[in-house]
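Visitor: I'd like to go over a predicted model; first the sequence, then the structure.
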Amino acid sequence: MELKTSDQIKQDQDGIRKALVSLDQSVHQNAVQCLLHAQEHGDTSLMRRLLVEIIDAKTGYRRQGLIIWMRTYSPMELEKDNINLSGVDPMTGLPRPWRIEEALETPFWALKAADEVVKPMFADTWKSKLNMASKEFRTAAQNTLNGKPIDPTKPFYDGTGIEEVTKFFDMLDNAKATLPADNTKELRKAQETVKRLAA
């Protein structure tokens, strides 16, 4: 392959950018049509085709952006490779409304990225992480003698101050025992189940 000049490479890049912008606009217009179709006929197969067959999991921000966009402006939910109309507003417990006009005005790339979507963190999530850290440390410490593994096929503690670290985890385990019980995660799951059944 012959090396192009810098200007030729830049010209190619400008063409790529123009094609990508045009492609995103086409995807957005098609997605709005899929919303209109699903609202009118209760048929989500066209949106499924767009998300699963046309813009598959390899397309990164387009797929993730479209999923968030679809959930924001319609009751459609993607579950594995299927789309249904089970989407519920977590604040009201009611089915999410169709918001076609807003969807038309707001392209999928203008919404927050998937990793920016706020997700709740429950007490038992971080408690289990602390428990796992304590367990992993203690297992490694038991397999450590003079900074070397007793059993070389298993993890060992390769660091200084093993006694101080042990005291830290002892203190942490004792402190966790004083925390109040929190069943919010189970409560939220039950609420979601009730909302789905009601919908």
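Guide: Now that the structure is in, tell me what you want to look at.
Visitor: what's the domain layout of this protein?
Guide: 6-116, 123-181 (automatic domain parsing).
Visitor: isn't residue 139 right up against residue 157?
Guide: No: Residue 139 is not in contact with residue 157 according to C-beta atoms under 8 Å; the separation is 9.4 Å. C-beta: built from backbone N, CA, C; applies to glycine.
Visitor: who wins for proximity to residue 190 among the domains of the chain?
Guide: When those are compared by C-beta to C-beta, domain 6-116 sits nearest residue 190, at 12.0 Å.
Visitor: thinking again about what came up before, so which of the domains of the chain is the most surrounded?
Guide: domain 6-116 (a mean of 15; mean count of other C-beta atoms under 10 Å).
Visitor: touching, residue 96 and residue 89? I think so.
Guide: Yes: in this structure residue 96 lies within contact range of residue 89 using C-beta under 8 Å: 5.2 Å.
Visitor: quick check: which of the domains of the chain is nearest to residue 191?
Guide: That would be, of the domains of the chain and by C-beta to C-beta, domain 6-116, which comes in at 7.3 Å.
Visitor: dump the domains of the chain to TSV, plus distance to residue 193.
Guide: Shown next, in TSV, are the domains of the chain (distance: least, C-beta to C-beta, whole Å):
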stretch	distance to residue 193
domain 6-116	11
domain 123-181	18
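Visitor: could those go into CSV alongside distance to residue 192 and mean pLDDT?
Guide: Formatted as CSV, those follow (distance: least, C-beta to C-beta, whole Å; pLDDT from 0 to 100):
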stretch, distance to residue 192, mean pLDDT
domain 6-116, 7, 88
domain 123-181, 16, 89
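Visitor: which one of these lies nearest to residue 194?
Guide: domain 6-116 (7.6 Å).
Visitor: centre of the chain to the closest one, how far?
Guide: Centroid separation for domain 6-116 versus its chain: 16 Å, with C-alpha atoms, centre = their mean, to the nearest Å.
Visitor: just the helices in this structure please.
Guide: 6-41, 45-48, 61-73, 100-105, 123-142, 162-176, 184-198 (DSSP state H).
Visitor: and the ones you listed: which comes nearest residue 82?
Guide: With C-beta to C-beta as the yardstick, what comes closest out of these is helix 45-48 (6.7 Å).
Visitor: put the alpha carbons of the closest one into PDB.
Guide: Provided in PDB are the C-alpha atoms of helix 45-48 (Å, rounded to 0.1, in the frame of the first residue of the first chain):
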ATOM      1  CA  SER A  45     -39.800  -6.400  16.500                       C
ATOM      2  CA  LEU A  46     -38.400  -3.400  14.500                       C
ATOM      3  CA  MET A  47     -36.600  -1.900  17.500                       C
ATOM      4  CA  ARG A  48     -35.300  -5.400  18.300                       C
END
